[in-house]
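In: Sharing a model that was predicted from the sequence below.
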Amino acid sequence: MRNRDITKNITTLNIDNDNFKIVDRVLLNFRDYQSQKIAIPKGVTELAQYSVSCMCANVIHIPMSVDIIRRHAFLLSRNVTKLYIENPDIYLEVGSLENIHNLKEVYIGGQRVETVVTQRSDKKNSLYLEKYVGQAKEYRVDDDISVIGSEAFLNCETLERVEIPKSVGHIGTKAFSGCTSLKEIEMHDSIQDISLWAFENCKSVKEFTLPENIDEWDISSEIFKGWTSRQTIRAPKHLKKFKFLQKWRKGCRAKIIYF
């Protein structure tokens, strides 16, 4: 990463006070649990797991020196609405923004972004759409995305149409849960699995078609929870079994048409 050239000459940073615990430039713990605005100290290069868990925080500023944010770094910071990341080449591990349910604005390298993309540490060519923070009525997922992450579009009430490209193989837990204005979901047979509550309460969708090649064990329970009798789901005929075996239909009242 280009950012390493900026930080390589900084003296090893170690701080242990009432607010921060930092060892060898890695932030291990932020202790001011009443703070509404958090500014990570300059010179920190990594935010460790659970390092910024503050329920009162609503704004977090991350300096240019930080080049890695680990999974679950903000796990309890669910009320954060704005996130400022100075480094345009930041490495975000999958799950780094997990549980930030109220996030509305993200700035990376000074630019406001629509989506936050993360990577698995063991599969760096696999890109996850971690969080959508745009306000568009229509959105097309980028062609280099392979996973729609858990809660990626959670409670996005402005979205009316989404197009998922062939590159995407997995849709995470609650990925589109609470998208009450969503009317159209376009996706391909490339989808390999759909996780729990993926399309929960998407009550404006008139018709939805499951991928033709998807198997029963690749569809989690209650993916259409909250769907009403005014909606229609088209499903491949190999999914037609005794209703009590169709866990994906649990909590769903939509009309099922098999093809």
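Out: Yep, it's here.

In: Pretty sure Ser121 sits against Glu93.
Out: Yes. Applying CB atoms under 8 Å, one finds Ser121 in contact with Glu93, separated by 5.7 Å. C-beta: built from backbone N, CA, C; applies to glycine.

In: of these two, who's got more company?
Out: Glu93 (20 against 11; other CB atoms under 10 Å).

In: who does that one bridge with?
Out: For Glu93, the beta-bridge partners under DSSP bridges are Gln119.

In: Tell me, what's the model's pLDDT at it?
Out: pLDDT recorded at Glu93 is 96.

In: Okay, now the unreliable bits of this structure?
Out: 1-11, 123-124, 242-245 (pLDDT under 70).

In: quick one, longest strand in it?
Out: strand 123-132 (DSSP state E).

In: strand partners of it, parallel vs antiparallel please.
Out: Using DSSP bridges, the strands paired with strand 123-132 are strand 115-120 (antiparallel), strand 145-148 (parallel).

In: Any idea how far apart the tips of stretch 230-238 sit?
Out: Start and end residues of stretch 230-238 are separated by 24 Å (CA to CA, to the nearest Å).

In: One more: stretch 216-231?
Out: Across stretch 216-231, the terminal residues are separated by 21 Å (CA to CA).

In: For it, buried residues please.
Out: 219-220, 222-227, 231 (16 or more other CB atoms under 10 Å).

In: Put together CSV for these, with distance to Glu160 and secondary structure on each row.
Out: As requested, the buried residues of stretch 216-231 are exported to CSV (distance: CB to CB, whole Å; DSSP: H, G, I helix; E, B strand; the rest coil):
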residue, distance to Glu160, secondary structure
Ile219, 24, strand
Ser220, 25, coil
Glu222, 23, coil
Ile223, 20, coil
Phe224, 18, coil
Lys225, 21, coil
Gly226, 18, coil
Trp227, 17, coil
Gln231, 15, coil
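
In: Strands of the stretch 151-259 of the chain, start to end?
Out: Using DSSP state E, counting those that start in this stretch, the strands of the stretch 151-259 of the chain run over residues 161-163, 170-171, 184-186, 193-194, 207-209, 232-235, 255-258.

In: Mean neighbour count, these: which tops it?
Out: Sort these by mean neighbour count, taking mean count of other CB atoms under 10 Å, and strand 170-171 sits at the top with a mean of 22.

In: Distance from the chain centre to the one helix or strand Asn29 maps to, please.
Out: Using DSSP states H and E, Asn29 maps to strand 26-30. With CA atoms, centre = their mean, to the nearest Å as the basis, strand 26-30 stands 23 Å off its chain's centre.

In: I'd guessed Pro88 sits against Tyr107; true?
Out: No. Using CB under 8 Å, Pro88 is not in contact with Tyr107; the gap is 10.3 Å.
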